[in-house]
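In: here are the coordinates; sequence isn't available:
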DNA sequence: AAGAACTACTTAACACTGTTAAGTAGTTTT
DNA sequence: AAAACTACTTAACAGTGTTAAGTAGTTCTT
């Protein structure tokens, strides 16, 4: 009775549908059943290709890192390491604002990390490590030009990452919206991200 | 048939049970039904005292802010504003590490903010604003002593908050664990929080 | 060519979740 | 004594992730 579907690779079809629903409706309301309905298969068929929902989320997280890499790629041509670091911060923030759902799954959820810990042979966070390596190398270059003297490059890298992550994650959880009230309504919460980022840059420059 | 329970204020009883389960088992597995079972009432009875689960979460978020205030209270006696700012950062981090569940509900979840936006008359985030006001005033005092010249106090405040929030939230989502691999396994992820925080302090001091 | 094994999917069900409509004791008011 | 109100309960809805068991269709083996 059942005619075999056109020999399509169902695994990628599932991920495409997951991506679509995920970006359209966010993580919360992207259920296994909805994904299945989107592609015209039964919900259980998804479990033949992905271990569980965390597996699927982990794959979306990887797709997100692909998009982030596209933002960082153009920066390798920037000669001056401090300019490159600045641009990396700006592009990171823009990536988060343009792809909030992906950003959440990449940096704000425990699930993909859980999946990594319990299901992958080497528990290496390959995607994240690659991005951080790029940042650390840039920081190291900055140090050879006189920046960040007397500090560990790793600590500086993490500090810079934590600042931009802190800003965008507080924005995405809608905490920044309410900060405007107390801290002066002169600008939007989105603008506050950038003006606070400028403070980081100024501190880094002044400390040279 | 039903004997009226001892005229206890069920509303606080529910919150106590929610607090207990929440701290013990985390948000994910604290269901309305479990809370109800914990106190020996039916699940629906909870809806007589709280609008929905977000209402309950918002109340837990407020409990958390009470705990955070206890950590900041001792700091008002610190004379030097920069020392006070340093201590605030340290205490903030320690609060997050000691109360991960509360920290998540206070600063990493959208739900309490959603509840605030849709259900409270004045959509003022009273708890958060109070903490931020304390920080901003400290930053302002720092400025009068020569720190953070040429910067907006509000932007400096947000930058400092974002850094410590970024550090602890990346730690709580287990992202920092994997950073150790690439960035040098010389210290634990918990220690990295503090050494990165030291970079922030050094940048702030050097920029004076 | 016939039977066994395998592939790729489906149906049905389990054990949960938040939430609401309707019902019911017990108390208070009229 | 009757009506109204309070504070709760039972039953159900619509949804979730997930698994066990079943079933067509294909391929391999003898």
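Out: Arrived safely, thanks for sending. Predicted, not measured: the structure shown is a model, and the values here were computed from it.
In: The helix or strand where residue A:20 lies close to DNA strand C?
Out: Per DSSP states H and E, residue A:20 falls inside helix A:10-25. Yes: residues of helix A:10-25 are located near DNA strand C by C-beta under 7 Å from any atom of the strand, namely residue A:10. Where you see a C-beta, it was placed from the backbone N, CA and C, and this is true even at glycine.
In: Could you check the pLDDT of residue A:9?
Out: Listed pLDDT for residue A:9 reads 88.
In: where's it relative to chain B, distance?
Out: Per C-beta to the nearest C-beta, to the nearest Å, residue A:9 is found 30 Å from chain B.
In: Which positions in the helix or strand of chain A with the lowest mean pLDDT come out as buried?
Out: Least confident helix or strand of chain A, by mean pLDDT, DSSP states H and E, is helix A:175-183 with a mean of 85. For helix A:175-183, a neighbour-count test (16 or more other C-beta atoms under 10 Å in any protein chain shown) marks A:175, A:176, A:177, A:178, A:179, A:180, A:181, A:182, A:183 as buried.
In: do the same with stretch A:118-134
Out: Neighbour counts over stretch A:118-134 (16+ other C-beta under 10 Å) mark A:125, A:127, A:128, A:129, A:131, A:132, A:134 as buried.
In: Just the closest of these to residue A:49, please.
Out: Nearest to residue A:49 out of the buried residues of stretch A:118-134 is residue A:127 (C-beta to C-beta; 20.6 Å).
In: Which pLDDT value goes with that closest one?
Out: pLDDT, residue A:127: 92.
In: Stretch A:15-25 near DNA strand D anywhere?
Out: No: using C-beta under 7 Å from any atom of the strand, stretch A:15-25 stays clear of DNA strand D, with a minimum separation of 10.0 Å.
In: I misspoke; the intended subject was stretch A:104-122.
Out: No: counting by C-beta under 7 Å from any atom of the strand, no contacts exist between stretch A:104-122 and DNA strand D, the nearest distance being 9.7 Å.
In: Centre of the chain to that stretch, how far?
Out: Mean C-alpha position of stretch A:104-122 versus that of the full chain (C-alpha atoms, centre = their mean, to the nearest Å) differs by 13 Å.
In: sorry, back to before: and the least confident helix or strand of chain A, what does it pack against?
Out: Here helix A:175-183 touches helix A:153-172, helix A:189-206, helix B:111-119, helix B:126-144, helix B:153-172, going by 3 or more C-beta pairs under 8 Å, 6 or more residues apart in numbering or on different chains; DSSP states H and E.
In: Any chance you could list what contacts the second one?
Out: Surrounding helix A:189-206, the residues in contact under the criterion C-beta atoms under 8 Å, 6 or more residues apart in numbering or on different chains are A:82, A:86, A:89-90, A:93, A:97, A:147-148, A:160, A:163-164, A:167-168, A:171, A:176-177, A:179-180, A:183, A:187, B:150-152, B:154-156, B:158-159, B:162, B:203-204, B:206-207.
In: where in chain A is pLDDT low?
Out: Scanning chain A for pLDDT under 70 picks out A:1-8, A:184-185.
In: Recalculate using a threshold of 90.
Out: A:1-9, A:27-28, A:119-124, A:179-188, A:206-208 (pLDDT under 90).
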